[in-house]
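Undergrad: when you get a sec, could you give me coordinates for this:
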Amino acid sequence: MRLNLRQIEVFRAIMITGSISGAARLLSVSQPAISRLLAYTEDRLALRLFERVRGRVQPTPEARRLFQEVDQVHQGVVRVNELAEELRERGTGSVRIVASPSVGQTLVPDAIARLRERFPDLRVEFEVLTILEIIAKVVAGRADLGVSILPVDEPTLDMEVLTEGRLMVIMPRDHALARLRVVRPADLEPYPLIGFGPQTPYGDVVGRALALKSAPLRISTVVRFTPVACAMVRAGAGVAVVDEFVLRGRTWPELVSRPLAPKTRVRAHLLTPRFEPLSRTANAFVAILRGLVPSPPASPGEEFEAGT
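TA: Alright, predicted model coming up:
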């Protein structure tokens, strides 16, 4: 028979206190419970561990020999518990985050920076990926959570809407479109358009928002990620339609943006495993992320929603 941790704990308490009653007080359990577990342990070990002498228990030579090993095991358990408490308090460990390029530009980094202020010893692994790559990583357990611009329908993931934005048209400050208050798809026809592949989920969203009855808009340059589209516009290669999350902060001071009309709503979504709890540090990151963005407003029916 092998001793389990509870039997080790009871045996050690009896050795330290020298009595059944003392062990019961030390462990905050009843004396009969201690006596029953001791009898069971001796029976299964086929060893006499204690002799009853004048109301007290005296350890046998076998018990004294066992105690040397048991005490080392107990001290090891204590160290494990102390380390676990330290990890909880200091956040030592790691958290793995994957995100869409737009929210990965500033929103997620801002949240990570605040998380590191709270847990300075924390290791953070952060990747910017496509929506399909984000889903695959979180589902496979190779990422703790994901933040996506597009909604997902995956039975093993929970999805929470974090906040809402809209599609914007971006251009250099001296561009003719900068004089407009809002930009409609027809306004873009004379200009080179930096777009996204029509076979990608994000490209499909932008393509539907820019659909014209007369003819499709001509895309002069195809890119994969929204930050790349912003960089192309900054370089003078054309104009682009991106979500407003990529424009957060002062990342692109050389560019101006105008709302695309009619309004196309885009949302940032939190993706977490449905059947696995988040770690303490991952939960802390989620709380920080929620605090950085406004709650999504009620959805007006006449507006187009990306991803639907």
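
Undergrad: CA atoms for contacts and neighbours, from now on please.
TA: Fine.

Undergrad: show me what residue 273 is bridged to.
TA: When assigned by DSSP bridges, residue 273 has beta-bridge partners residue 157.

Undergrad: all the helices of the stretch 201-308 of the chain, residue numbers only.
TA: Per DSSP state H, counting those that start in this stretch, the stretch 201-308 of the chain carries helices over the ranges 201-209, 226-234, 280-292.

Undergrad: tell me which of those sits nearest to residue 44.
TA: In terms of C-alpha to C-alpha, the element of the helices of the stretch 201-308 of the chain nearest to residue 44 is helix 280-292, at 40.2 Å.

Undergrad: now do that closest one: which elements does it pack against?
TA: When contacts are defined as 3 or more C-alpha pairs under 8 Å, 6 or more residues apart in numbering; DSSP states H and E, helix 280-292 sits against strand 93-99, helix 107-118.

Undergrad: buried ones in it?
TA: 281-282, 284-286, 288-290 (16 or more other C-alpha atoms under 10 Å).

Undergrad: put together TSV for these, with distance to residue 47 and pLDDT on each row.
TA: TSV is the format used below for the buried residues of helix 280-292 (distance: C-alpha to C-alpha, whole Å; pLDDT from 0 to 100):
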residue	distance to residue 47	pLDDT
281	47	89
282	48	92
284	50	93
285	53	96
286	54	96
288	56	97
289	58	96
290	59	95
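
Undergrad: of those, which is the nearest to residue 62?
TA: Using C-alpha to C-alpha, residue 281 is the member of these that sits closest to residue 62, with 46.0 Å.

Undergrad: would you map out the domains in this structure?
TA: Under automatic domain parsing, the residue ranges defining each domain of the chain are 5-89, 97-163+266-301, 164-265.

Undergrad: and those, which one is worst for confidence?
TA: Lowest mean pLDDT within the domains of the chain: domain 5-89, a mean of 86.

Undergrad: please name the nearest non-neighbouring residue to residue 167.
TA: Spatial nearest neighbour of residue 167, chain neighbours left out: residue 243 (4.3 Å); criterion: C-alpha to C-alpha, 6 or more residues apart in numbering.

Undergrad: what about that neighbour, neighbour count?
TA: The local packing of residue 243 (other C-alpha atoms under 10 Å) involves 26 other residues.

Undergrad: great, nothing more from me.
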